[in-house]
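Peer 1: sequence first, then the predicted structure, then my questions.
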Amino acid sequence: MEASISNRQEAHAERNRKVRQVLAAILVANWAVALAKLLFGIVYQSASVTADGLHSFIDGSSNIIGLVAMSAAAQPADEDHPYGHGKFEAIASLGIGAMIGIGMLELGRMALDSLLHDKHPQVTPLMAGVMVFTLVINLAVTRIERRYGEQLKSTLLLADANHTLSDVFVTVAVLGSLGLVALGYPRADGVVALVVMIFVAYVAYGIVRQAVGILSDTARLDAAKVGQLTLGVPGVLSCRNVRSRGMEDSVYVDLKIEVDPQLTAARAHEVADQVEQLLHGTFPQVVDVVVHVEPAQATGSARSG
């Protein structure tokens, strides 16, 4: 059992190292994209392009938040944090949501400024080419980050992938607005920037909701399924009060089982060990199982709850 726990800890540390590597690579790509968009948006006075550049800059800033958080999350459990530091990853996701919210307000300000003061961008083939190039980069970044997020079961990488995906849709909308401006609809720049703001708000909501679910200890496993599996262990007469919480890749479970009151303490402990091994084997994401053993109060059919 101790060897198994040690292996899981080593795997978790390796997983955190890979998450940090992905975040560092994405940071370089995001800020390269942001610099190009901001430069051309400011030079050609386009609210939507500048807003898109700001959004990309926030992408990069969120990567820094993620790197700092993963450094904290990688720390082993200690006296002050007996369950480890994994929730720092969820806290970082909240930080990303906050950064998106700040960007959303700036998007709204720039869009209204464009509409109310009749500011129109200068559309050039070079600007459009830069936007298409950054779009291709963002598509590649989103695909890579999502793949690693699913592979490593990283809430942070998946949140950041959704953030970058929002940048893809923003860029597509901006390209559309530039086309409309070139066709003689100058106010399209401000209108598209407002639409982008609404979309960004939706992305922020999804990220925050997921992070809050982790921080508020939303159940991670189906209690009924855990109960049914536990009842299959010889010696378990009843299973109840099944609880689970934690990150997607590190789940903590505790439950109560009832056994024959005539069993010796050693035999009852063996039954509890079998329950732990079964749950660890069935749910690879489970890192700790606490089984409370109680004597059965009355004879009757097995039950779970």
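Peer 2: Cool, got the structure. Predicted, not measured: the structure shown is a model, and the values here were computed from it. Residues are numbered from 1 along each chain as shown.

Peer 1: which residues of the protein fall in helices?
Peer 2: Using DSSP state H, the helices of the chain run over 2-43, 47-73, 87-116, 125-152, 155-182, 188-215, 223-231, 265-282.

Peer 1: check which helices and strands the first one sits against.
Peer 2: Yep, that's helix 2-43 we're talking about. Contacts defined by 3 or more C-beta pairs under 8 Å, 6 or more residues apart in numbering; DSSP states H and E place helix 2-43 against helix 47-73, helix 125-152, helix 155-182, strand 286-295. For every residue, glycine as well, the C-beta is placed using N, CA and C.

Peer 1: quick one: pLDDT of the residue at minimal distance from the centre of the chain?
Peer 2: The chain has residue 155 as the residue nearest its centroid, 2.7 Å off, counting by C-alpha atoms, centre = their mean. According to the prediction, residue 155 has pLDDT 73.

Peer 1: from what I see, it and residue 211 are in contact.
Peer 2: Yes: here residue 155 reaches residue 211: they are 7.2 Å apart, a contact under C-beta atoms under 8 Å.

Peer 1: so what sits against both of those two?
Peer 2: 90, 93 (C-beta atoms under 8 Å, 6 or more residues apart in numbering).

Peer 1: returning to that earlier point: looking at the helices of the chain, which has the lowest confidence?
Peer 2: Lowest mean pLDDT of the helices of the chain: helix 47-73, a mean of 71.

Peer 1: so who does residue 130 touch?
Peer 2: Residue 130 is in contact with 36-37, 40, counting by C-beta under 8 Å, 6+ apart.

Peer 1: then residue 37?
Peer 2: Residue 37 neighbours (C-beta under 8 Å, 6+ apart): 49-50, 52-53, 56, 130-131, 134.

Peer 1: which one of those is nearest residue 78?
Peer 2: The closest of the contacts of residue 37 to residue 78 turns out to be residue 56 (C-beta to C-beta; 37.3 Å).

Peer 1: the residue nearest to the closest one when sequence neighbours are not counted: neighbour count?
Peer 2: Of all residues not flanking residue 56 in the chain, residue 34 sits nearest, at 3.6 Å (C-beta to C-beta, 6 or more residues apart in numbering). Per other C-beta atoms under 10 Å, the neighbour tally for residue 34 reads 22.

Peer 1: what of residue 76?
Peer 2: Counted with other C-beta under 10 Å, residue 76 comes out at 10.

Peer 1: which phi and psi does it have?
Peer 2: phi -70, psi 170 (degrees, to the nearest 10).

Peer 1: now do it against residue 18, distance only.
Peer 2: 17 Å (C-beta to C-beta, to the nearest Å).

Peer 1: next one: residue 187
Peer 2: According to C-beta to C-beta, residue 187 stands 46 Å off from residue 18.

Peer 1: roughly how far apart are residue 240 and residue 224?
Peer 2: Counting by C-beta to C-beta, the gap from residue 240 to residue 224 is 11 Å.

Peer 1: err, residue 213, not the other one
Peer 2: 20 Å.

Peer 1: looking at those two, which one has more neighbours?
Peer 2: Here residue 213 and residue 224 are compared on neighbour count by other C-beta under 10 Å; more neighbours surround residue 213, at 14 against 11.

Peer 1: next one: the more buried one from residue 163, what distance?
Peer 2: Residue 213 sits at a distance of 17 Å from residue 163 (criterion: C-beta to C-beta).

Peer 1: now residue 141
Peer 2: Residue 141 is 10 Å from residue 163, by C-beta to C-beta.

Peer 1: tally of neighbours for residue 264?
Peer 2: With other C-beta under 10 Å as criterion, residue 264 counts 8.

Peer 1: no further queries at this time; thank you.
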